[in-house]
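> fold the stuff below for me.
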Amino acid sequence: MTFRGQKPFQTNDTFIAPSASVIGNVTNWDQSTVWYKAVVRADTHPITIGFSSSVGEGTVVTTLNVEELEETGFPPETHIGHYVTIGAGCILKSCRIDDMVSVGDKCVILEGSLVENNVILEPGTVVMPYQRIPSGQKWGGNPAAYISDLTPEEKEHIPAEALHVHEQAKEHLVEFLPYGYSYVHLEDVEKEQLSKEG
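Purely as a prediction, here's the structure:
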């Protein structure tokens, strides 16, 4: 949806579910996914969703007004890196998530926070404002606390999970028809062709 002249950008293989809302200055990289009833609202500052990253069902991604962050010096935009899987029912607000991160269901990541590369956040984790989650670690709890370093297997699972979500999204992408009635005409043409061949 266009807002104040800013229209979301998406590629041909981006899947945005019909019940999702993507508003304003949002950049969706290739193979990114915004699932059902998710809201990505960039009405004040940009939001980026990286390559093969996904925003889960019912998740809200937004940004703060400049006035709320101007004293801190933190950028107000929200950045989601590449190969990031965000679970269902999460809230992300003016934060930065680097590449290859797995965010469990119902996590909250608040303004000014930074989640570095190769991180797993357990379901229900609350990352407090301006908190930094270091690379290569698993965190959980409210407020977020260190649990353990990631094993090599856990690190390998993060991009594999992101690619798996993309494969699921491809199935949804081909099932949903574009708006309008052009598909009806296509079905009529196909029926006509079959009757000629039969």
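
> which helix or strand lies directly C-terminal to the longest strand anywhere in the chain?
Longest strand of the chain, by residue count under DSSP state E: strand 39-49. Going down the chain from strand 39-49, the next helix or strand is strand 54-55, by DSSP states H and E.

> and the next element down the chain from that next one?
strand 60-62.

> summarise which helices and strands that following strand is packed against.
Contact partners of strand 60-62 among helices and strands, from 3 or more Cβ pairs under 8 Å, 6 or more residues apart in numbering; DSSP states H and E: strand 39-49, strand 78-80, strand 91-93. C-beta coordinates here come from the backbone N, C-alpha and C atoms, glycine included.

> recalculate using a threshold of 10 Å.
strand 21-28, strand 39-49, strand 78-80, strand 91-93 (3 or more Cβ pairs under 10 Å, 6 or more residues apart in numbering; DSSP states H and E).

> need the ones you listed in JSON lines (columns: distance to residue 119).
Shown next, in JSON lines, are the helices and strands packed on strand 60-62 (distance: least, Cβ to Cβ, whole Å):
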{"stretch": "strand 21-28", "distance to residue 119": "22"}
{"stretch": "strand 39-49", "distance to residue 119": "17"}
{"stretch": "strand 78-80", "distance to residue 119": "13"}
{"stretch": "strand 91-93", "distance to residue 119": "14"}
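
> and those, which is most packed in?
With neighbours defined as mean count of other Cβ atoms under 10 Å, the helices and strands packed on strand 60-62 peak in mean count at strand 78-80, which reaches a mean of 24.

> just the residues contacting it, thanks.
Strand 78-80 is contacted from outside by 26-29, 32, 40-42, 45-50, 53-55, 61-64, 86, 92-99, 101, 103, 109, 111, 114-115, using Cβ atoms under 10 Å, 6 or more residues apart in numbering.

> parallel or antiparallel, which strands does it pair with?
Paired strands of strand 78-80, with direction, are strand 39-49 (parallel), strand 96-97 (parallel) (DSSP bridges).

> picking up where we left off before, looking at the helices and strands packed on strand 60-62, which is nearest to residue 157?
strand 78-80 (18.4 Å; Cβ to Cβ).

> give the rounded mean pLDDT of that closest one.
Per-region confidence: strand 78-80 scores 96 on mean pLDDT.

> heads up, I number from 140, so please use that
Got it, first residue is 140 now, which makes that one strand 217-219.

> show me where this protein has its helices.
205-208, 291-314, 321-336 (DSSP state H).

> kindly reformat these as TSV and extend each row with distance to residue 216.
Shown next, in TSV, are the helices of the chain (distance: least, Cβ to Cβ, whole Å):
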stretch	distance to residue 216
helix 205-208	10
helix 291-314	21
helix 321-336	36
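
> let me have those in a markdown table, extended by mean pLDDT, distance to residue 214 and mean neighbour count.
Converted to a markdown table, these look like this (pLDDT from 0 to 100; distance: least, Cβ to Cβ, whole Å; neighbours: other Cβ atoms under 10 Å):
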| stretch | mean pLDDT | distance to residue 214 | mean neighbour count |
| --- | --- | --- | --- |
| helix 205-208 | 61 | 8 | 13 |
| helix 291-314 | 90 | 24 | 14 |
| helix 321-336 | 70 | 42 | 9 |
